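[1] the following block contains a protein sequence and its predicted model.
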Amino acid sequence: MKDREVGVGLVSVGWMGILHSRSYANFPKFYPELGIKPKLIIAADTTLERQEYAKDVLGYAQATSDYMDVINHPDVQVVSVCSPNYLHREIGIAVARAGKALWIEKPVGRSGVETAELEAEVVKAGIVTSIGFNYRCTPAIQYAREIIAAGDLGEITHFRGSFFADYSAEANSALSWRFKKEFAGSGVLGDLMGHLVDLIHYTVGPISEANGFTKTVYKDRPILPMGSATHFAVIEGGERGAVENEDYAGALVKIGESGIGAGAIGTIEASRISVGPRSAYNIEIYGTKGSLKWDFERMNELELSLGRNGANVGYQRIMANSYFGDFSKFQPGSGTSMGYDDLKVIELKRFMQAYFGEASENSNIHDATSAGRVCDAIEQSQASGSWTKVPATKGTTAALKAKK
Ligand SMILES: NC(=O)c1ccc[n+]([C@@H]2O[C@H](COP(=O)([O-])OP(=O)(O)OC[C@H]3O[C@@H](n4cnc5c(N)ncnc54)[C@H](O)[C@@H]3O)[C@@H](O)[C@H]2O)c1
């Protein structure tokens, strides 16, 4: 196949900006048959050190402090937006108005409402989008979807999911931009719960109603200046600032009438202050004929139980293997593990396929709005103390449909 070059611009050179860049660089080595050759054109960051890193280490031809230089660059066709949440809407709208394709990190807006504002601009501009919902690209999840779609679990009855991280489990864990409403919007709701909601939407179906609650455990933390270190930092001494959003969120939720799990109920929880789990991201999906479990801390495994009767009812632990989605693009044989960064390469493959007009399971701006609206509903439910309906959204184009 003839090479297809695509010019890449990046906004923000933090954890995710670096990971997007590594993905662009590595992607052709995992998917050579697609003939797609990303070219790293220009990166923006307000921190000079990170601009230099973008050129010297990541290989961008240019760097700038102004993200509009990235969007307006004539050689840039796709823009990765990896900035703190408060910039997503304004940068995303600028990308849409420039008619370029957008790969943007989650949560897209500081709320579902803000995400919907960008969604409207994206629809108007007709650009291709992809969202940083990397966990849906896990080969074990790809296989889980096949099992659910084939009806092997029977009718989906209930589920539970949790995303428990410990990045702020210390009282002196840094007060990064993630803890300030102006910069992040919600706390663990946008940061981790959004991922979990997307995975439930992707495997079971869209959540239509939530009865939720939130809690902030640590009221202040030591201040971390923007663009220095990461949110995993622990700082002894120094000035402290107020935590403005929630450390924990939980909800009882219902799946609406569309999707393969129509009518199922479940619980979803997220925490950034759990002691013990490091980045434990669990989903358990139960049906009338079987169930499955997956945990990101053991992302190369799927636990599967099929059948109700007989001596061997129980879980089978299946290591990721060549039957699991894109696994064989990364490892030649089961037992050799894939890692987190590989999920971003698969996400990029889906984005690139969508950009070149090919069939793709890329997440898109509608997925981001759907997840954001559920997080908003949990927040509203905490305030009202009652069940809250999630406004109807376009949902995901990749949602599994119930068999007729
Ligand atoms: N998909 C995932 O699993 C995942 C994981 C981590 C973070 N994220 C998301 O990625 C986004 C970035 O998070 P991160 O952890 O990489 O953040 P980070 O704090 O590591 O980096 C943010 C960068 O933005 C830069 N910046 C600030 N203002 C800017 C501006 N005006 N113009 C350009 N750059 C600017 C900072 O200097 C810094 O380099 C967030 O939305 C976050 O929720 C997603």
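    Everything's here; your move.
[2] contact partners for the residue in the stretch 1-150 of the chain that the ligand sits nearest to?
    Per CB to the nearest ligand atom, Gly14 is where the stretch 1-150 of the chain lies closest to the ligand, at 1.8 Å. Heads up, the C-betas are built off the backbone N, CA and C, glycines and all. Contacts for Gly14 (CB atoms under 8 Å, 6 or more residues apart in numbering) come out as Asp45, Arg50, Cys82, Ser83, Gly227, Thr230.
[3] now do 7 Å
    Contact analysis of Gly14 by CB atoms under 7 Å, 6 or more residues apart in numbering lists Cys82.
[4] buried residues in the longest helix anywhere in the chain?
    Secondary structure of the chain per DSSP state H: the longest helix is helix 365-384. Going by neighbour count (16 or more other CB atoms under 10 Å), the buried part of helix 365-384 is 365-379, 381-382.
[5] and the residue of the stretch 201-350 of the chain that's closest to the ligand?
    Gly227 (2.9 Å).
[6] which residue is nearest the centroid of the chain?
    Phe133 (2.4 Å; CA atoms, centre = their mean).
[7] correct me, but that residue touches Ile365?
    No - Phe133 is beyond contact range of Ile365, at 11.5 Å (criterion: CB atoms under 7 Å).
[8] what does the stretch 51-200 of the chain put close to the ligand?
    Tyr67, Cys82, Ser83, Pro84, Asn85, Leu87, Glu105, Lys106, Gly132, Asn134, Asp191 (CB under 6 Å from any ligand atom).
[9] how about the fifth one, what does it touch?
    Residues in contact with Asn85 (CB under 7 Å, 6+ apart) are Pro107, Arg110, Phe183, Ala184, Gly185, Gly190.
[10] which residues of the stretch 301-404 of the chain score low on pLDDT?
    396-397, 402-404 (pLDDT under 70).
[11] how about the helices of it, start to end?
    Taking DSSP state H, counting those that start in this stretch, the helices of the stretch 301-404 of the chain run over residues 327-330, 340-355, 365-384.
[12] enumerate the positions of the shortest one that are buried.
    For helix 327-330, the neighbour count (16+ other CB under 10 Å) marks Phe327, Lys329, Phe330 as buried.
[13] check the residue of the stretch 1-150 of the chain closest to the ligand and give its pLDDT.
    Note on Gly14: pLDDT of 95.
[14] next one: Glu33
    96.
[15] same check, this time on the one 4 residues further on
    The pLDDT attached to Lys37 in the predicted structure is 97.
[16] host element of it?
    Applying DSSP states H and E as the criterion places Lys37 in strand 36-44.
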